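**Student:** sequence first, predicted coordinates after that:
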Protein chains: 4
Amino acid sequence: MTKGRLEAFSDGVMAVLITIMVLELKPPHGTDWAAVEPLVPAFLTYVLSFVFLGIYWNNHHHLLHATQRINGAILWANLHLLFWLSLVPFITGWMGENQFAPLPTAAYGVVLLLSGVAFSILTRLILAAQGPDSPLKAAIGSDLKSRISMMLYVAAIPLAFVHRLIAAAIYVLVALIWLIPDRRIESRLNDVSL
Amino acid sequence: MTKGRLEAFSDGVMAVLITIMVLELKPPHGTDWAAVEPLVPAFLTYVLSFVFLGIYWNNHHHLLHATQRINGAILWANLHLLFWLSLVPFITGWMGENQFAPLPTAAYGVVLLLSGVAFSILTRLILAAQGPDSPLKAAIGSDLKSRISMMLYVAAIPLAFVHRLIAAAIYVLVALIWLIPDRRIESRLNDVSL
Amino acid sequence: MTKGRLEAFSDGVMAVLITIMVLELKPPHGTDWAAVEPLVPAFLTYVLSFVFLGIYWNNHHHLLHATQRINGAILWANLHLLFWLSLVPFITGWMGENQFAPLPTAAYGVVLLLSGVAFSILTRLILAAQGPDSPLKAAIGSDLKSRISMMLYVAAIPLAFVHRLIAAAIYVLVALIWLIPDRRIESRLNDVSL
Amino acid sequence: MTKGRLEAFSDGVMAVLITIMVLELKPPHGTDWAAVEPLVPAFLTYVLSFVFLGIYWNNHHHLLHATQRINGAILWANLHLLFWLSLVPFITGWMGENQFAPLPTAAYGVVLLLSGVAFSILTRLILAAQGPDSPLKAAIGSDLKSRISMMLYVAAIPLAFVHRLIAAAIYVLVALIWLIPDRRIESRLNDVSL
């Protein structure tokens, strides 16, 4: 199986996901400021989800870029990741329409957590397929960022029921952790691959 | 006609299909567990349809990968397959919103059956275009899985009117049959093609 | 400007168009045959539009395949074609929901006619850019099919107000004209290009 | 990071954006001319947004075409541009449904302005990454069109509250400025790149 078509399909799904999210942003019925105000949480949720999908596309790109061998298990692990990401527009719509109510806000964390777990599984299967000497293995190392992110999600899910803004703040924090470029991986990959 | 653009168009259509299905999952209006409960059958249907589209993408990928010659009939057979697959979001929405009522559940089986028939036609036309010595022909052989799947669909459609869960169980069974990787084909293809 | 990215963008737009049309097919609210019946004209319209978009993708593919030089005018002529095609889901939804009422049925013909005109303009600009000795010029010749199609659309638009089924029958006829493969072009192109 | 996948992802997002806009054009419920009339502003807005997205795709294509080096900052600047463009269907729906009411019409200008700013940032980051001798730098020069466009947007936003048609006329003017091909850039790029 060629890597190219796996990348193309994943790019396609992620491009559609990041775009159809806007369909959950319903244009307000009025045309004054009062009509726009209730849209503010939906818009902030939209920005957050856009950033998360951008981070996943970025990380997915880096991971696949340094991958040489693909097998059936990797294909299904990739579809598993796309499955959880495909729920992002749905969960974004639910959280955004309900002013960060506890249950939707916790559910948002669950989708992000399971997307993170799916990305970890994909990373492991790809590493296993590359063999012990793969430069990707050395570059990824202990995958500290992923571990921290997942611990933060696990904390945020119950905290959404304590106060909605605690969970929302944690999601923003995780996004910031990933927005800071991981120079360690990038520099190593630059050495070993195209 | 180049194979590349046929693959790219099919990938595009399948990536959009697997993604817009989420638009049939309407965010619940409430924010408590009671509001989420009626969504459970819609969610299970979504998972099932996601898996079916994933299987089709996977099989389509394998089939085209070993194809060397494309003609006009193959192009239209491919569009015919995409037509039936394009109905999956529609039928998923109908079955999911109606708690597996008999008629939508039977109709779901009809769409899967006709997608399967379309895939068989595409396979045959591709095999015919490759000539008698094609390694693809030896690899696919009697196409046992496809025959079993189609017999199961034919059984499930009337059984949906006996009890909705019998048909749903058969659809899950077909998905499981395909999720188990077909090592026979994969190993042969690995020998003969990139 | 590379031809590859023009093809990729056009494929993307056409793949999304052919797929989001299904969102205009609303799942019926009931689960019995009576609920399905009013959907029949919408479904037939969906099939017709799917075939038309398939024909356009096919013809676009053939046209670009034999094209060697692209310029800014070709790019905008291509966007102009995509614009009219982008109205197909809208007009399909309108005609399908209204049992082929005269005005939507005539409007459907207008969109098809203007898509046909846009395709002719694109063809002419591409031919002009290839120079007089282009094999594409010889292959396309007088472009008889396009002329006949456009005359049929021009006839169908007023006839929709006489009887809705006359116009619908003409649209089906045009689709059939194009479904029959144009062996003349295919065989000549096979001689001169990849 | 390969330029190819950045282009493919951007093409995918822009192809989906330009296509799902049509979903904001709701088919009228009636089938007579009276039912069509209120759709006219929505249709004109649709045409305008289609042209703007076409211009962005075109300019993006030219910019990336002459780019040789990509880095993490360019990737995020590109996602930033796609973010503002992703709001185009939303703002098109809002302005189109409300007959160019002042607030939506001003908001339309804000989205276009911020898309323009995002494109300028992307251009600068790409120029910085290419080094001082890049032919792209010479070709783009002072980027006069972008400056004029942004000044026009800044003027149009408050003018939407004076009279809606002033702002709308300015948006049409900006589109016309860009539709006139920039022969200066095209000719220089033709000399130096594929």
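**Tutor:** Sure, I can see it.

**Student:** ok and the residue in chain A nearest chain C?
**Tutor:** Per C-beta to the nearest C-beta, residue A:16 is where chain A lies closest to chain C, at 7.6 Å. Backbone N, C-alpha and C define where each C-beta goes, glycine included.

**Student:** surely that residue is in contact with residue D:15?
**Tutor:** No. Using C-beta atoms under 8 Å, residue A:16 is not in contact with residue D:15, being 9.4 Å away.

**Student:** mind listing the shared neighbours of those two?
**Tutor:** Shared contacts of residue A:16 and residue D:15, defined by C-beta atoms under 8 Å, 6 or more residues apart in numbering or on different chains, comprise residue C:16.

**Student:** quick one: name the residues of chain A near chain C.
**Tutor:** Listed as neighbours of chain C in chain A under the rule C-beta under 8 Å from any C-beta of the partner chain: residue A:16.

**Student:** in chain A, what residue comes closest to chain D?
**Tutor:** residue A:15 (3.1 Å).

**Student:** got a list of what that residue touches?
**Tutor:** With C-beta under 8 Å, 6+ apart, residue A:15 has these contacts: B:15, D:9, D:12, D:13, D:15, D:16.

**Student:** one more time with 6 Å
**Tutor:** D:9, D:12, D:13 (C-beta atoms under 6 Å, 6 or more residues apart in numbering or on different chains).

**Student:** how far away is the residue of chain A closest to chain C from residue C:136?
**Tutor:** 33 Å (C-beta to C-beta, to the nearest Å).

**Student:** the more surrounded of those two?
**Tutor:** residue A:16 (30 against 22; other C-beta atoms under 10 Å in any protein chain shown).

**Student:** name the nearest residue to that one, ignoring sequence neighbours.
**Tutor:** Distances taken as C-beta to C-beta, 6 or more residues apart in numbering or on different chains place residue B:19 nearest to residue A:16, at 4.1 Å, with adjacent residues excluded.

**Student:** ditto for residue A:170
**Tutor:** residue A:156 (3.9 Å).

**Student:** can you count the residues close to the one you found?
**Tutor:** Neighbours of residue A:156 using other C-beta under 10 Å come to 24.

**Student:** which residues sit in contact with residue A:103?
**Tutor:** Going by C-beta under 6 Å, 6+ apart, residue A:103 touches residue B:31.

**Student:** in the host helix or strand of it, which residues are buried?
**Tutor:** In this structure, residue A:103 is located in helix A:102-130 according to DSSP states H and E. Within helix A:102-130, the residues that count as buried by 16 or more other C-beta atoms under 10 Å in any protein chain shown are A:102-123, A:125-127, A:130.

**Student:** circling back to that earlier point, from residue A:7, how far off is the residue of chain A closest to chain D?
**Tutor:** In terms of C-beta to C-beta, residue A:15 sits 12 Å off from residue A:7.

**Student:** next: residue A:71.
**Tutor:** 15 Å.

**Student:** which one's more surrounded, those two?
**Tutor:** residue A:7 (22 against 16).

**Student:** circling back to that earlier point, for the strand or helix carrying the residue nearest to residue A:170, the distance to its chain's centre please.
**Tutor:** Element membership for residue A:156, per DSSP H and E: helix A:144-162. The chain centre lies 14 Å from the centre of helix A:144-162; the measure is C-alpha atoms, centre = their mean, to the nearest Å.

**Student:** now do the same for residue A:28: helix, strand or coil?
**Tutor:** Here residue A:28 is coil, with the state taken from DSSP: H, G, I helix; E, B strand; the rest coil.

**Student:** can you check the pLDDT for it?
**Tutor:** If you check residue A:28, the pLDDT there is 89.

**Student:** distance-wise, check it relative to residue D:175.
**Tutor:** For residue A:28, the distance to residue D:175 - C-beta to C-beta - is 25 Å.

**Student:** tell me which element residue A:18 is part of?
**Tutor:** Counting by DSSP H and E, residue A:18 is found in helix A:3-20.

**Student:** and for residue A:101, the neighbour number?
**Tutor:** Neighbourhood size, residue A:101 [other C-beta under 10 Å]: 18.

**Student:** tally of neighbours for the closest residue to residue A:56 other than its chain neighbours?
**Tutor:** Nearest non-adjacent residue to residue A:56, counting by C-beta to C-beta, 6+ apart: residue A:85, 6.1 Å away. When neighbours are defined as other C-beta under 10 Å, residue A:85 has 27 of them.

**Student:** check what pLDDT residue A:85 gets.
**Tutor:** With respect to pLDDT, residue A:85 has a value of 97.

**Student:** isn't residue A:19 up against residue D:12?
**Tutor:** No. At 8.1 Å, residue A:19 does not count as touching residue D:12 under the criterion of C-beta atoms under 6 Å.

**Student:** tell me both backbone torsions, phi and psi, for the most far-flung residue of chain A relative to its centre.
**Tutor:** With distances taken as C-alpha atoms, centre = their mean, the residue sitting farthest from the centre of chain A turns out to be residue A:32, at 34.5 Å. With angles defined as degrees, to the nearest 10, residue A:32 sits at phi -120, psi 180.

**Student:** from residue D:163, how far out is it?
**Tutor:** 17 Å.

**Student:** now do residue A:21
**Tutor:** Distance from residue A:21 to residue D:163, by C-beta to C-beta: 34 Å.

**Student:** these two: which is more packed in?
**Tutor:** Taking neighbours as other C-beta under 10 Å, residue A:21 and residue D:163 compare with residue A:21 leading, 22 against 13.

**Student:** residue A:97: neighbour count?
**Tutor:** 21.

**Student:** do you know the pLDDT at it?
**Tutor:** 87.

**Student:** for it, which residues are in contact?
**Tutor:** Applying C-beta under 6 Å, 6+ apart, no residues qualify as near residue A:97.

**Student:** rewinding a little: name the helices or strands packed onto whatever helix or strand comes next after the helix holding residue A:156?
**Tutor:** Per DSSP H and E, helix A:144-162 leads on to helix A:164-179 as the next helix or strand towards the C-terminus. Contact partners of helix A:164-179 among helices and strands, from 3 or more C-beta pairs under 6 Å, 6 or more residues apart in numbering or on different chains; DSSP states H and E: helix A:102-130, helix A:144-162.

**Student:** can I get those in a markdown table with mean pLDDT?
**Tutor:** Below are the helices and strands packed on helix A:164-179 laid out as a markdown table (pLDDT from 0 to 100):
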| stretch | mean pLDDT |
| --- | --- |
| helix A:102-130 | 93 |
| helix A:144-162 | 92 |
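
**Student:** for chain A, give the residue positioned nearest to chain B.
**Tutor:** Residue nearest to chain B within chain A (C-beta to the nearest C-beta): residue A:12, separated by 3.1 Å.

**Student:** grab the nearest non-local neighbour of that residue.
**Tutor:** Nearest to residue A:12 is residue B:15, by C-beta to C-beta, 6+ apart, at 3.1 Å.
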